[in-house]
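[1] the following comprises the amino acid sequence and a computationally predicted model.
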Amino acid sequence: MSERIVGATGDLASLAAAVLQPGFVGTTPPPWVCRWLGQGLGSVVLFARNIVDPGQLAALTATLRAERPDVIVAIDEEAGDVTRIESARGSSRPGNYALGAIDDPALTEAVARDLGAELAGVGVTLNYAPDADVNSNPANPVIGVRSFGAAPDLVARHTAAWVRGLQAGGVAACAKHFPGHGDTRVDSHHDLPRIGGDRARLDAVELAPFRAAVAAGVQAVMTGHLLVPALDPELPATLSARILGGLLREELGFQGVVVTDAVEMRAVADRYGFAGAAVRALAAGADAICVGGERATEADARELRDAIVAAVVAGELPEERLAEAAKRVGQLAAWTVAARADAPAGTPAGADGSTVGLAAARRALRVTGPAGADALPLTRPAHVVEFAPPHNMAIGAETPWGIAAPLADLVPGTTTARYAEGEAPADPTTGAAGRPVVLVVRDLHRHDWMRAAVSRALAARPDAVVVELGVPELVTGAVHLATHGATRVAARAAAELLTGVR
């Protein structure tokens, strides 16, 4: 299709561009993005690769807004383990699981408002958060600490609080992954998860947080690439008119923008094709197509735009449906302009993290075990052994984690070793030389090799402190410290508790 948008086909191309939310590579907008913003593109999505620091991010969004004042600038900033604005150093705010462990909705709302004000201050207008999934399956490989917890009522009240807080800060919230990604052992980045249970179970568990989000006025909902036979035995939620139209729109009464999870994810792209998934999602009732985590070129965006136009011309996608989707995106854009104008002033998190974030991280700590808190604080430099699980694709590979660095900051002389699967020696505490030992794990219950290595370490040093940075499903050791997340601020709070130093 010609780059110049003219005539009837041009009008369709402009509508098709309006419903795309593409990513791009670089810390300044490439020429094609700026050009497309003048040709109907309504949104872009930012990733960690686009962000250096707050000043650069503000300049980037200002450049986008100079091309189109009401452009929707989206980001996947959950805070907690999934952070984009602080990917290089780790989040200064605790994630959902920590907030759920505290169970103070007013605090959750305050943390989200703090984040919203910071995002609004650098020009971000839509955040793909909160994660509203109920993590009812402890073996879930991709949700875990991104969820507020395993109890539907707890997740529902904190989802609503997070939505209220973020939107009060001036940024549109987007509850995900509808109708619920918690009860699965499959990561939709890799394959199509299947969510079991009958409709009554879905109403009681998976759907409860989304009902709460809608009641709280959430501006957007993100679909999950999930097969839910009780709702649609054939099509994944992203491509299902029964789920997006019948359930989300008619039953739950949601009137905002329905955004797809990234359409290049294998759960849908392997089965329906990259462009085919986008067209089917729009036909099913989605309003915006998220793309660009892995496919972030102009050619990728053009492939989607042209496929949408071709589907309308061929009668496979009603033009009225495309126009409706573009209208909803425009309404969200108008909301973001007004919200940003009314937003409170936000400031970037300082070197020690946001004040509310650190306070919340401290409240999320839990010490258990036979020795309990009586064994703390540690009185001399420790040897820290960190066990690294396989990478979760939702979390930036560049994002640092662990306890050793903040411990060393507080107590010079702290030493460390880190082992991935297949690397841990027979005695992982080798090198401790009689010093206190701290064993650091993430989701210990999910990894056989990690459990075996920790067992060997505890056999050698039964006095070792175990620090769990993931879901504390398995508690072991004489002293067990759960942080409910692997954020920078959680590590700082844990180091303070372990040493008694602030």
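    Received it, and whenever you're ready, just let me know what you need. Numbers count the residues shown, from 1 in each chain.
[2] give me every residue that touches the residue most central in space within the chain.
    Nearest residue to the geometric centre of the chain (C-alpha atoms, centre = their mean): residue 78, 4.3 Å. Counting by C-beta atoms under 8 Å, 6 or more residues apart in numbering, residue 78 touches 95, 96, 128, 129, 130, 131, 146. (Each C-beta comes from the backbone N, C-alpha and C, glycine too.)
[3] closest to residue 13 out of the residues you listed?
    Set against residue 13, the nearest of the contacts of residue 78 by C-beta to C-beta is residue 128 (25.8 Å).
[4] how many residues are close by that closest one?
    26 (other C-beta atoms under 10 Å).
[5] next one: residue 62
    Applying other C-beta under 10 Å, we find 11 residues neighbouring residue 62.
[6] just checking, it touches residue 123?
    Yes. With contacts counted by C-beta atoms under 8 Å, residue 62 reaches residue 123, the gap being 6.3 Å.
[7] distance between the one helix or strand residue 455 maps to and the chain's centre?
    Assigned by DSSP states H and E, residue 455 belongs to helix 448-460. In terms of C-alpha atoms, centre = their mean, to the nearest Å, the centre of helix 448-460 is set 30 Å apart from its chain centre.
[8] residues in contact with residue 469?
    Residue 469 makes contact with 401, 402, 403, 440, 441, 442, 483, 485, 486, 490, 491, according to C-beta under 8 Å, 6+ apart.
[9] go through the helix ranked longest in the chain and flag the buried ones.
    Across the chain, the longest stretch assigned as helix under DSSP state H is helix 319-342. By 16 or more other C-beta atoms under 10 Å, the buried positions in helix 319-342 come out as 321-323, 325-326, 328-329, 332-333, 335-337, 339-340.
[10] let's see which of the contacts of residue 78 end up in helices.
    Using DSSP H, the contacts of residue 78 in helices are residue 96.
[11] from the contacts of residue 78, which is closest to residue 158?
    residue 96 (7.0 Å).
[12] doesn't residue 142 belong to a helix?
    No. Assessed by DSSP: H, G, I helix; E, B strand; the rest coil, residue 142 does not belong to a helix; its assignment is coil.
[13] isn't it right up against residue 391?
    No. With contact defined as C-beta under 8 Å, residue 142 does not count as touching residue 391 (11.0 Å).
[14] give me the common contacts of those two.
    Common contacts of residue 142 and residue 391 (C-beta under 8 Å, 6+ apart): none found.
[15] for those two, indicate the residue with more neighbours.
    For the pair residue 142 and residue 391, the greater number of neighbours falls to residue 142 (21 against 10), based on other C-beta under 10 Å.
[16] show me the shaky parts of the stretch 1-150 of the chain.
    1-10 (pLDDT under 70).
[17] rewinding a little: distance to residue 396 and pLDDT added to the buried residues of helix 319-342, as a markdown table?
    Below are the buried residues of helix 319-342 laid out as a markdown table (distance: C-beta to C-beta, whole Å; pLDDT from 0 to 100):
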| residue | distance to residue 396 | pLDDT |
| --- | --- | --- |
| 321 | 35 | 98 |
| 322 | 34 | 98 |
| 323 | 37 | 97 |
| 325 | 30 | 98 |
| 326 | 31 | 97 |
| 328 | 30 | 98 |
| 329 | 27 | 98 |
| 332 | 26 | 98 |
| 333 | 28 | 98 |
| 335 | 29 | 98 |
| 336 | 25 | 97 |
| 337 | 29 | 96 |
| 339 | 27 | 94 |
| 340 | 26 | 86 |
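[18] need those residues in a markdown table with distance to residue 105, can you?
    Putting the buried residues of helix 319-342 into a markdown table (distance: C-beta to C-beta, whole Å) gives the following:
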| residue | distance to residue 105 |
| --- | --- |
| 321 | 37 |
| 322 | 39 |
| 323 | 39 |
| 325 | 33 |
| 326 | 36 |
| 328 | 29 |
| 329 | 30 |
| 332 | 25 |
| 333 | 30 |
| 335 | 24 |
| 336 | 25 |
| 337 | 29 |
| 339 | 21 |
| 340 | 25 |
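[19] go ahead and confirm residue 206 touches residue 179.
    Yes. Counting by C-beta under 8 Å, residue 206 touches residue 179, with 5.4 Å between them.
[20] stretch 61-74: end-to-end distance?
    Using C-alpha to C-alpha, to the nearest Å, the end-to-end distance of stretch 61-74 comes to 10 Å.
[21] off-centre distance for that stretch?
    23 Å.
[22] ok, and what's touching that stretch?
    Contacts to stretch 61-74, defined as C-beta under 8 Å, 6+ apart, come from residues 21, 28-29, 33-34, 37-38, 41-46, 122-128, 174, 259, 290, 329-330, 332-334, 336-337.
[23] test my guess that residue 470 contacts residue 447.
    No. If you go by C-beta under 8 Å, residue 470 and residue 447 don't touch, sitting 9.7 Å apart.
[24] re earlier: give the buried residues for the helix holding residue 455.
    Buried, per 16+ other C-beta under 10 Å, within helix 448-460: 450, 451, 453, 454, 456, 457, 458.
[25] elements contacting that helix?
    Under the contact definition 3 or more C-beta pairs under 8 Å, 6 or more residues apart in numbering; DSSP states H and E, helix 448-460 sits against strand 383-387, strand 437-441.
[26] restrict that helix to CA atoms and write it as PDB.
    Coordinates of each C-alpha in helix 448-460 appear next as PDB, following Å, rounded to 0.1, in the frame of the first residue of the first chain:
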ATOM      1  CA  ASP A 448      13.500 -29.200  41.600                       C
ATOM      2  CA  TRP A 449      17.200 -28.400  41.100                       C
ATOM      3  CA  MET A 450      16.900 -25.300  43.300                       C
ATOM      4  CA  ARG A 451      15.200 -27.300  46.100                       C
ATOM      5  CA  ALA A 452      17.900 -29.900  45.900                       C
ATOM      6  CA  ALA A 453      20.700 -27.300  46.100                       C
ATOM      7  CA  VAL A 454      19.100 -25.600  49.000                       C
ATOM      8  CA  SER A 455      18.700 -28.900  50.800                       C
ATOM      9  CA  ARG A 456      22.400 -29.600  50.400                       C
ATOM     10  CA  ALA A 457      23.200 -26.100  51.600                       C
ATOM     11  CA  LEU A 458      21.100 -26.400  54.700                       C
ATOM     12  CA  ALA A 459      22.600 -29.800  55.400                       C
ATOM     13  CA  ALA A 460      26.000 -28.100  55.500                       C
END
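[27] for the helix or strand following that helix, list every residue counted as buried.
    As assigned by DSSP H and E, the chain's next helix or strand after helix 448-460 is strand 465-468. Judged by neighbour count (16+ other C-beta under 10 Å), strand 465-468 contains these buried residues: 465, 466, 467, 468.
[28] turn the contacts of residue 78 into JSON lines, including distance to residue 363.
    Listed next are the contacts of residue 78 as JSON lines, based on distance: C-beta to C-beta, whole Å:
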{"residue": "95", "distance to residue 363": "14"}
{"residue": "96", "distance to residue 363": "14"}
{"residue": "128", "distance to residue 363": "26"}
{"residue": "129", "distance to residue 363": "21"}
{"residue": "130", "distance to residue 363": "19"}
{"residue": "131", "distance to residue 363": "20"}
{"residue": "146", "distance to residue 363": "19"}
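[29] quick check: of the contacts of residue 78, which lies closest to residue 52?
    residue 128 (20.6 Å).
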